[in-house]
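next input, structure requested:
(2 chains)
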Amino acid sequence: GDSVTQMEGPVTLSEEAFLTINCTYTATGYPSLFWYVQYPGEGLQLLLKATKADDKGSNKGFEATYRKETTSFHLEKGSVQVSDSAVYFCALRRGGTSYGKLTFGQGTILTVHP
Amino acid sequence: IAGITQAPTSQILAAGRRMTLRCTQDMRHNAMYWYRQDLGLGLRLIHYSNTAGTTGKGEVPDGYSVSRANTDDFPLTLASAVPSQTSVYFCASSDAGGASDEQFFGPGTRLTVL
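Numbers count the residues shown, from 1 in each chain, chains lettered A, B, ... in the order given. Modelled structure (predicted):
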């Protein structure tokens, strides 16, 4: 079945540090890939997405590139802020299906210190 | 615009009791989902509904039931709660099959079964 694996957390960084959160997936066909973010006490919200190989999703300074050859969708940001502290989830939606059932990774807790 | 509302915000429940978690969306989305979030496991799909009048089983459906009598409401029922159902429950909706496949999440219900 489909699965998503994220790097082990939690991740603790100082403000302005470079961030990478690794994500790899297993799925049949050509899935769409997503990063969702969950701020403390809130539900998840979409951060960025990519729907085909070599697409780059970007939002709020975060980027991720859909790498089919390595089945990866790593999240990066060049300079993190304290306000980026949250839980980040990588997810996939299997390609070819009409409806949006998502498979999530286990989540990575990010804490950014001033 | 409220988006997705969930009730209650939190609940402590005795084992064996029946409980219904409520979810309402005002975006006229056709698809709705219920997830549970557990530390280290990410979000797992419990049940989903592609459109009013239809429902389907997700990854972890045992012990839960849903109904979709109309577009806006998607209640989740625990017929006889057990401690392993202690979790945070998120309802989500999407315009599945539409131009955007983004899922929108409610704020969650924190359920403790003793």
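
for chain B, what are the nearby residues on chain A?
A:4, A:6, A:32, A:41-46, A:49, A:89, A:93, A:98-107 (CB under 8 Å from any CB of the partner chain). Where you see a C-beta, it was placed from the backbone N, CA and C, and this is true even at glycine.

from those residues, which land in strands?
A:4, A:6, A:32, A:44-46, A:49, A:89, A:93, A:103-104 (DSSP state E).

got JSON lines for the residues you listed, with neighbour count too?
As requested, these are arranged in JSON lines below (neighbours: other CB atoms under 10 Å in any protein chain shown):
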{"residue": "A:4", "neighbour count": "24"}
{"residue": "A:6", "neighbour count": "24"}
{"residue": "A:32", "neighbour count": "20"}
{"residue": "A:44", "neighbour count": "28"}
{"residue": "A:45", "neighbour count": "14"}
{"residue": "A:46", "neighbour count": "18"}
{"residue": "A:49", "neighbour count": "21"}
{"residue": "A:89", "neighbour count": "26"}
{"residue": "A:93", "neighbour count": "23"}
{"residue": "A:103", "neighbour count": "22"}
{"residue": "A:104", "neighbour count": "23"}
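
which among those gets closest to residue B:30?
Nearest to residue B:30 among these: residue A:93, at 15.4 Å, using CB to CB.

got the contact list for that closest one?
Taking CB atoms under 8 Å, 6 or more residues apart in numbering or on different chains as the contact definition, residue A:93 lies against A:31-32, A:34, A:100-103, B:101.

how much space between it and residue B:5?
25 Å (CB to CB, to the nearest Å).

could you do residue A:85 as well?
Counting by CB to CB, the gap from residue A:85 to residue B:5 is 26 Å.

between the two, which has more neighbouring residues?
For residue A:85 versus residue B:5, neighbours defined as other CB atoms under 10 Å in any protein chain shown are more numerous around residue A:85 (16 against 13).
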